[in-house]
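A.B. asks: Kindly return the folded structure for what I paste below:
(chains A and B)
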Number of protein chains: 2
Amino acid sequence: MASPARTLWKRFSSTITTRSGPSKVHHHAPLPDSSFPKGYLVGGVHCGIKKNASILDLGIILSEKPASAAACFTRNAFKAAPVVVSQEVLERGGGRARAIVVNSGCANAVTGKQGLEDAWAMVRATDALLDPPPQEGASETLVMSTGVIGQNLPISKIVSGIEAHSDKAKLGTGFEAWEKVARAFMTTDTFPKLRSMVFTIKGKEYRMAGIDKGAGMIHPDMGPPTSTGQLHATLLGCIVTDAAVSSESLQSALTYAVDRSFNSISVDGDMSTNDTIIVLANGAAASSEEIDESTDPVAYEAFKQELTSFAIDLAKLVVRDGEGATKFVTVTVEGAHTYADARKIASRISTSALVKTALYGEDANWGRILAATGSVPLSALLDPNRVSVSFVPADGSAPLPVLVNGEPEKVDEVRAKEILSAEDFEMRVQLGLGSASAQYYTCDLSYEYVRINGDYRS
Amino acid sequence: MASPARTLWKRFSSTITTRSGPSKVHHHAPLPDSSFPKGYLVGGVHCGIKKNASILDLGIILSEKPASAAACFTRNAFKAAPVVVSQEVLERGGGRARAIVVNSGCANAVTGKQGLEDAWAMVRATDALLDPPPQEGASETLVMSTGVIGQNLPISKIVSGIEAHSDKAKLGTGFEAWEKVARAFMTTDTFPKLRSMVFTIKGKEYRMAGIDKGAGMIHPDMGPPTSTGQLHATLLGCIVTDAAVSSESLQSALTYAVDRSFNSISVDGDMSTNDTIIVLANGAAASSEEIDESTDPVAYEAFKQELTSFAIDLAKLVVRDGEGATKFVTVTVEGAHTYADARKIASRISTSALVKTALYGEDANWGRILAATGSVPLSALLDPNRVSVSFVPADGSAPLPVLVNGEPEKVDEVRAKEILSAEDFEMRVQLGLGSASAQYYTCDLSYEYVRINGDYRS
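C.D. replies: Numbering: from 1, shown residues only, chains lettered A, B, ... in the order given. Below you'll find the predicted structure:
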């Protein structure tokens, strides 16, 4: 017999037939074919992990040339099989790789020895698509999986799906093909997350494309493969470019970019066991002089900044599509003693259930922001009399101060409602202690979030 | 014009007219008058902070004799005025006090200089009820406030309410009087939280009474007054006994008890600016030999254990009444390398939005428990192959293992549903690394939590 709570829950669930808040599909739109990096052949198919045959669940990216490769993996102690395997491929290959294979629908996490064998089977099948194939005993494919955990992959379906790509007609180089890959990444995502751009360094033109996925279990903390931590199935992303970048410089630029992008977002404060971001740089652009930090720091800095702002754009898409989210909120903490202090407070505000339900209720409840701010142990003691809080609209109109130097302002509630009813706005906290600042990107906590996650396995 | 999200939110809100889940009023019942400690006169009234005249909003506890006093205050950097003032009274008085005054409806937090003046006004008005009154310039009253923050107290109403207690007919010593005090503590609480007991140390009989309140913004981290941290309005409690205990021993027993009780509960993971637990020991029992750690460690240990188990009972009531909660869940982490490691994991599982929505959905989603476990940095590396997870029913029937030494079990879903549809159960995580263990008490995350907190100020 169902419990009273369960009965009530079922009743509410039945009243919610669609995701709450505005549709987000306008965040996905066609991109010019010419903005995608040269030298990559990509595709996505339905291989049968998911029941519905119109939903893609397997994606492949192949570089025509050997490429530098770098990655950041979550620091979760439970490392899904694809993470273990990708780390090993990267290490053995000395930071070189030519392919990425990804499946959705099953995370291949907590699957023991079988899980490792399955991840290696995906690698080998993708390696076999490369021309020329990798040297005997070597692998050049990085693998990612996302979906339900504790279940084994339907590996023969997946391998068949990979092998089908030996038919080159299944691969392409433009928007249409890339969009298939992006769709193959999706789980609870409501739109595919794909971006591309053309950028210039020292007068030379390069291209970059990026895909990511994620909507729940989003509070990544990823580091380079050598970090002590390890990894459940959720934030996955890849960025590929036709610039030539040395492996070491690619890793160091990625680590910098990930801290300021994917590691600065939160949907629900839960860190996954599969979080992975992979970057390939194949040098297929006409101008393919290798970018390296030690030989040309200026070009490296320019590349690092391009990668970082591109990664921030991709990371923001995940928050915008956060499970049940109706708001996209930037949390800015300024005037901290150190960057680490600013980051800790921004992270704490971004994960506070009370702050996030107030955002859903469109309530300028600065008291909750303050309580969250004060709960973080810092390197310098907070002085309540120096702390100010304001809400900043995204349309460029005047910010609304709600607390100034520790004193509550008389708040114009009509104006507050105006700002908070928008999809986008910023909460800015000024600590008045120093000059360091940090930003986090977060969303609200809605009925819909509870529905999605109270019923995930059903 | 309301945003689409707001409109939707309003629609859902209107469908929810009562708190979800079973009623919790059965957790409050009459207690024998003889179980309340001797030498205390107590009462509660409606003084006018809250609009509804049938709701009590002011409570007073007076000891007829000088008492030892001790307290733990939240480590939040924003310290509400009553916290600042109570710390000062305790410090100046050398760990002695005779009265506690509490109001609900307004937290007197982030209220600047006026807030401090108002808190002192409450202290002075209560001091004036003591017979004999405190010495010139001294204060013997500890003050607590809970409710909305950023608003000033209606201080003249409060002072009149306190003064009304000079009429001794408003004060009592038994259940009826104590229940009024407990009601005066309530904000979003759905039942008054009051417990009493008779206990024996070395053949001598003592009594203890305790009250607490709290339902949201519950994730306390409180330390003794000397700790570097400080305090928003939510977990308040007081425990009084007629045992005689030295001030130093009372503080050290309380600090131990609070770590294992109030500091081991979580409703929403948000730490408040007002969290306060106060203890008084007035020695009014027939047998009033002073208990002190250095002169009689055996008696002290016995007292500390009594205080700790009493504090755990009070703390559990807060979780049981957690905003929107339909479940009371004990999180046990065993086999850790250190107590600190076990505590960190238990705290992380207890605050995970994904774990808590799965609890609401009555879904034995061990993957989320594992992901939360793995996201905590520890003193010893986790070995996934040694980790086991089980659900333990509260009725004494057999536990249900879901993960054994890193391998997922074939779970009997009917049995899982049986256990998870109960109001009470335990999630047990065995790490297999050492012998340290810790427990946390948490609740589920429901639609009702979102409703209560999306609409708090409205």
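A.B. asks: Tell me which residues touch the closest residue to residue A:53 other than its chain neighbours, please.
C.D. replies: The shortest distance from residue A:53 to any non-neighbouring residue, by C-beta to C-beta, 6 or more residues apart in numbering or on different chains, is to residue A:46 (5.4 Å). Heads up, the C-betas are built off the backbone N, CA and C, glycines and all. Neighbouring residues of residue A:46 by C-beta atoms under 8 Å, 6 or more residues apart in numbering or on different chains: A:53, A:54, A:55, A:56, A:57, A:58, A:161.
A.B. asks: Regarding the third one, what is its secondary structure?
C.D. replies: It stands for residue A:55. coil (DSSP: H, G, I helix; E, B strand; the rest coil).
A.B. asks: what does residue A:243 give?
C.D. replies: coil.
A.B. asks: Excluding covalently adjacent residues, which one is nearest to it?
C.D. replies: residue A:206 (4.2 Å).
A.B. asks: what do you get for residue A:239?
C.D. replies: Residue A:239 sits nearest to residue A:210 (C-beta to C-beta, 6+ apart), 4.2 Å away.
A.B. asks: Packing partners of the helix or strand harbouring that neighbour?
C.D. replies: According to DSSP states H and E, residue A:210 maps onto strand A:204-213. Using 3 or more C-beta pairs under 8 Å, 6 or more residues apart in numbering or on different chains; DSSP states H and E as the contact test, the elements touching strand A:204-213 are helix A:175-184, strand A:193-201, strand A:236-241, helix A:297-320.
A.B. asks: Parallel or antiparallel, which strands does that strand pair with?
C.D. replies: strand A:193-201 (antiparallel), strand A:236-241 (antiparallel) (DSSP bridges).
A.B. asks: so residue A:134 touches residue A:128, yeah?
C.D. replies: No: Residue A:134 is beyond contact range of residue A:128, at 9.1 Å (criterion: C-beta atoms under 8 Å).
A.B. asks: if we can go back for a sec, from the contacts of residue A:46, pick the one nearest chain B.
C.D. replies: Nearest to chain B among the contacts of residue A:46: residue A:57, at 19.2 Å, using C-beta to the nearest C-beta.
A.B. asks: didn't the closest one look like it was pressed against residue A:101?
C.D. replies: No: using C-beta under 8 Å, residue A:57 is not in contact with residue A:101, being 11.8 Å away.
A.B. asks: can you give me the strands in the stretch 301-450 of chain A?
C.D. replies: A:328-336, A:388-393, A:400-404, A:407-408, A:424-430, A:436-442 (DSSP state E, counting those that start in this stretch).
A.B. asks: In TSV, list those along with mean neighbour count and distance to chain B.
C.D. replies: Below are those laid out as TSV (neighbours: other C-beta atoms under 10 Å in any protein chain shown; distance: least, C-beta to the nearest C-beta, whole Å):
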stretch	mean neighbour count	distance to chain B
strand A:328-336	22	12
strand A:388-393	20	10
strand A:400-404	19	7
strand A:407-408	18	5
strand A:424-430	20	12
strand A:436-442	22	12
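A.B. asks: In the stretch 151-300 of chain A, where is pLDDT below threshold?
C.D. replies: The model of the stretch 151-300 of chain A has pLDDT under 70 over residues A:225-233, A:288.
A.B. asks: contacts for stretch A:116-123?
C.D. replies: A:81-82, A:84-85, A:89, A:101, A:103, A:108, A:111, A:139, A:141, A:143, A:145, A:152-153, A:155, A:158-159, A:162.
A.B. asks: Identify those among those residues that sit within helices.
C.D. replies: The helices, defined by DSSP state H, take in A:81, A:82, A:84, A:85, A:89, A:155, A:158, A:159, A:162 from those.
A.B. asks: what's near enough to touch the second one?
C.D. replies: For residue A:82, the residues meeting the contact criterion (C-beta under 8 Å, 6+ apart) are A:108, A:119, A:122, A:143, A:144, A:145, A:274, A:276.
A.B. asks: Next up, the contacts around the fourth one.
C.D. replies: Spelled out, that is residue A:143. Residues near residue A:143 by C-beta under 8 Å, 6+ apart: A:82, A:85, A:86, A:89, A:100, A:101, A:102, A:119, A:122, A:123, A:126.
A.B. asks: Identify the farthest-apart pair in those residues.
C.D. replies: A:89 and A:102 (14.1 Å; C-beta to C-beta).
A.B. asks: sorry, back to before: could I get the buried residue list for the strand holding residue A:210?
C.D. replies: A:206, A:207, A:208, A:209, A:210, A:211, A:212, A:213 (16 or more other C-beta atoms under 10 Å in any protein chain shown).
A.B. asks: Then stretch A:147-163?
C.D. replies: In terms of neighbour count (16+ other C-beta under 10 Å), stretch A:147-163 has its buried residues at A:147-151, A:153-155, A:157-159, A:161-162.
A.B. asks: and residue A:316, how many neighbours?
C.D. replies: A total of 18 residues lie near residue A:316 under the criterion other C-beta atoms under 10 Å in any protein chain shown.
A.B. asks: Identify the bridge partners of the residue lying closest to it once chain neighbours are set aside.
C.D. replies: Of all residues not flanking residue A:316 in the chain, residue A:441 sits nearest, at 5.5 Å (C-beta to C-beta, 6+ apart). According to DSSP bridges, the residues that bridge with residue A:441 are residue A:265, residue A:330.
A.B. asks: related to what we said a few turns ago, what subset of the contacts of residue A:46 is buried?
C.D. replies: A:56, A:57, A:58, A:161.
A.B. asks: contacting residues for the first one?
C.D. replies: Applying C-beta under 8 Å, 6+ apart, one finds that residue A:56 lies in contact with A:44, A:45, A:46, A:180, A:183, A:184, A:186.
A.B. asks: Can you name the residues that contact residue A:417?
C.D. replies: Going by C-beta under 8 Å, 6+ apart, the list of residues near residue A:417 reads residue A:362.
A.B. asks: So for the longest strand seen in chain A, mean pLDDT?
C.D. replies: Counting residues, the longest strand in chain A under DSSP state E turns out to be strand A:58-74. For strand A:58-74, mean pLDDT rounds to 95.
A.B. asks: what are the pairing partners of it, and which direction each?
C.D. replies: Next to strand A:58-74 in the sheet, as set by DSSP bridges, lie strand A:40-45 (antiparallel), strand A:96-106 (antiparallel), strand A:222-223 (antiparallel), strand A:276-281 (antiparallel).
A.B. asks: Report how many residues lie close to the closest residue to residue A:250 other than its chain neighbours.
C.D. replies: The shortest distance from residue A:250 to any residue other than its chain neighbours is 4.2 Å, reached at residue A:70 (C-beta to C-beta, 6+ apart). Using other C-beta under 10 Å, the number of residues around residue A:70 comes to 26.
A.B. asks: my read: residue A:70 touches residue A:241, true?
C.D. replies: No: Residue A:70 sits out of contact with residue A:241 when judged by C-beta under 8 Å, with a separation of 11.3 Å.
A.B. asks: Pull up the overlap in contacts between these two.
C.D. replies: Residues touching both residue A:70 and residue A:241 by C-beta under 8 Å, 6+ apart: residue A:279.
A.B. asks: circling back: what angle do the longest strand of chain A and helix A:175-184 make?
C.D. replies: If you take axes from the mean of the first three to the mean of the last three C-alpha atoms, to 10 degrees, strand A:58-74 sits at 60 degrees to helix A:175-184.
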